[in-house]
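Trainee: Output the structure for:
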Amino acid sequence: MASERDVFGLSGPGHLTHIDWKNPDHRRSVAASLVQGVYVMERDRQQNRQGPEALAPAWWEFFHFHIIRKLVDDADFSIFGAIYEFKFPTANQSHSATPEAPKYVIAFRGTITKPDSFSRDLKLDLHFIQNGLHRTSRFELAMQAVRNIVSTVGHLNVWLCGHSLGSAMAMLAGKNMAKTGIFLESFLFNPPFVSAPIERIKDKKLKQGIRIAGSVITAGLAFAVKSRQGRSISEDPFAMLSAWVPCLFVNPVDHICSEYIGYFKHRKKMEKIGAGGIERLATQNSIGDLFLTALGKESDPLHLLPSANLTINQSPSPDFKTAHGIHQWWWPDVQLKYKMYLYK
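Mentor: Prediction:
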């Protein structure tokens, strides 16, 4: 029996009967729905729901999208992503009339805890934790899809979207494109942050003290490692990425992504107390990756970002499943806090 959460008519943003592409709430809701479409498409496959029984198409057809390509993993043949194309509802409309609407959306799902896909998804989760996601065949397929779309239609009006593991894949793809000077509009829902859950500490002074100590230690290790390798301490790999400002959507109750709140807030705090130089070095490194680098294993922390448009869901979440879920991002009454962080 199908889950109610997979049925668009029961759980989707059916209240959005008219999309204002300039409205950030509408854009967020559509992006999240297209990611959900990938989840449901894979569950349709696993449960052999075909034709009129398939539940996934409603998640994109409601917003006048159609699929031009499914992205299929070469190991377990699960559907992990999709490329959508926007079709205007009336023939006399053109994209020039609503330039804010995307022409194409590339969306990636996260982990599905079902036997047909869980083993492969879990391996990819572990690769992400070890900063090895870029070496997996699934990411190579995803990156190839992104490059093909951009080379064919250009980067304007192309969106990248993802949730959880899929958010990590979209973030890495966006980073790779940004390094070439191409900045894709990106919607990253509950992106995983590999770190101790410092944000969950209630004592503000203790939390701040731990973060300051961590920054000093990380910056010191980064200085030592780069000096040993003969690399200039003034080299700033974040500089080339700073113009890319992805939209991050996080929930403070979700320990998988909540550390992004403290990560960006602490950077502002360090600048305010005159320790911006230390933090600029610390914010682009992690202690684990520095140790790997010192051992001669090149490692780049995939989850660290120079700039972001951070959206925090401040609505009460009864449990972790709700706080980490994709559905929260199209709720009509969700209480959100916005903050733009630009790397200097």
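Trainee: Please report how far the nearest residue to I182 once chain neighbours are set aside lies from V146.
Mentor: Leaving aside its sequence neighbours, I182 sits nearest to H155 (C-beta to C-beta, 6 or more residues apart in numbering; 4.7 Å). Where you see a C-beta, it was placed from the backbone N, CA and C, and this is true even at glycine. H155 is 10 Å from V146, where distance means C-beta to C-beta, to the nearest Å.
Trainee: try H134
Mentor: From H134 to V146 the distance is 13 Å (C-beta to C-beta).
Trainee: any common contacting residues for H155 and V146?
Mentor: 177, 184 (C-beta atoms under 8 Å, 6 or more residues apart in numbering).
Trainee: the more surrounded of the two?
Mentor: V146 (24 against 16; other C-beta atoms under 10 Å).
Trainee: For my notes, confirm the more buried one occurs in a helix.
Mentor: Yes - residue state for V146 (DSSP: H, G, I helix; E, B strand; the rest coil) corresponds to a helix.
Trainee: my guess is it meets L160, correct?
Mentor: Yes - counting by C-beta atoms under 8 Å, L160 is a contact partner of V146 at 7.1 Å.
Trainee: Give me the common contacts of these two.
Mentor: Contacts common to V146 and L160, judged by C-beta under 8 Å, 6+ apart, are 106, 173, 184.
Trainee: Which ones among these map onto strands?
Mentor: If you go by DSSP state E, the shared contacts of V146 and L160 have I106 in strands.
Trainee: Can you show me the helices along this protein?
Mentor: Using DSSP state H, the helices of the chain run over residues 8-11, 24-46, 58-61, 115-129, 137-153, 165-178, 204-228, 259-272, 276-282, 287-294, 320-324.
Trainee: now the fifth one: mean pLDDT?
Mentor: Yep, that's helix 137-153 we're talking about. Computed over helix 137-153, the mean pLDDT rounds to 96.
Trainee: Buried residues, that helix. List them.
Mentor: Neighbour-count burial for helix 137-153 flags 138-139, 141-143, 145-146, 149-150 (criterion: 16 or more other C-beta atoms under 10 Å).
Trainee: mind listing what the spatially closest residue to V38 that is not a sequence neighbour touches?
Mentor: Spatial nearest neighbour of V38, excluding adjacent residues (C-beta to C-beta, 6+ apart): R109 at 4.1 Å. Applying C-beta under 8 Å, 6+ apart, we find R109 in contact with 35, 38-39, 42, 79-81, 162-163, 165-166.
Trainee: Generate CSV for those residues, with neighbour count as supplementary columns.
Mentor: Shown next, in CSV, are the contacts of R109 (neighbours: other C-beta atoms under 10 Å):
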residue, neighbour count
V35, 28
V38, 30
Y39, 23
E42, 25
I79, 22
F80, 30
G81, 27
G162, 32
H163, 29
L165, 26
G166, 29
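Trainee: Using a markdown table, please lay out the residues you listed together with distance to H15 and pLDDT.
Mentor: Compiled in a markdown table, the contacts of R109 are given as follows (distance: C-beta to C-beta, whole Å; pLDDT from 0 to 100):
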| residue | distance to H15 | pLDDT |
| --- | --- | --- |
| V35 | 18 | 98 |
| V38 | 22 | 98 |
| Y39 | 21 | 98 |
| E42 | 26 | 97 |
| I79 | 28 | 97 |
| F80 | 29 | 98 |
| G81 | 27 | 98 |
| G162 | 24 | 98 |
| H163 | 21 | 98 |
| L165 | 29 | 97 |
| G166 | 25 | 98 |
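Trainee: just checking, E42 touches F77?
Mentor: No - E42 is beyond contact range of F77, at 10.2 Å (criterion: C-beta under 8 Å).
Trainee: Farthest-apart pair in the buried residues of helix 137-153, please.
Mentor: Pairwise distances across the buried residues of helix 137-153 peak at 19.1 Å for R138 and V150 (criterion: C-beta to C-beta).
Trainee: mind showing which ranges of this structure have poor pLDDT?
Mentor: 1, 90-97, 196-205, 207-236, 270, 275-283, 285-300 (pLDDT under 70).
Trainee: Double-check E259 against P191; I have them as touching.
Mentor: No - here E259 lies out of contact with P191, judged by C-beta under 8 Å, at a distance of 10.1 Å.
Trainee: Among these two, which residue is more densely surrounded?
Mentor: P191 (27 against 21).
Trainee: Distance check, the more buried one against P89.
Mentor: Counting by C-beta to C-beta, the gap from P191 to P89 is 32 Å.
Trainee: can I have stretch 100-109 written out in CSV, keeping just the CAs?
Mentor: C-alpha atoms of stretch 100-109 as CSV (Å, rounded to 0.1, in the frame of the first residue of the first chain):
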residue,chain,number,x,y,z
GLU,A,100,12.8,33.8,-13.1
ALA,A,101,11.3,30.4,-14.0
PRO,A,102,13.9,27.6,-14.6
LYS,A,103,14.2,26.0,-18.0
TYR,A,104,15.7,22.9,-16.5
VAL,A,105,15.9,21.5,-13.0
ILE,A,106,18.4,18.7,-12.0
ALA,A,107,17.2,17.1,-8.8
PHE,A,108,18.8,14.4,-6.5
ARG,A,109,17.2,12.3,-3.8
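Trainee: So what's the gap between it and the chain middle?
Mentor: 13 Å (C-alpha atoms, centre = their mean, to the nearest Å).
Trainee: Pull out the buried residues from it.
Mentor: Applying 16+ other C-beta under 10 Å to stretch 100-109 flags 101-109 as buried.
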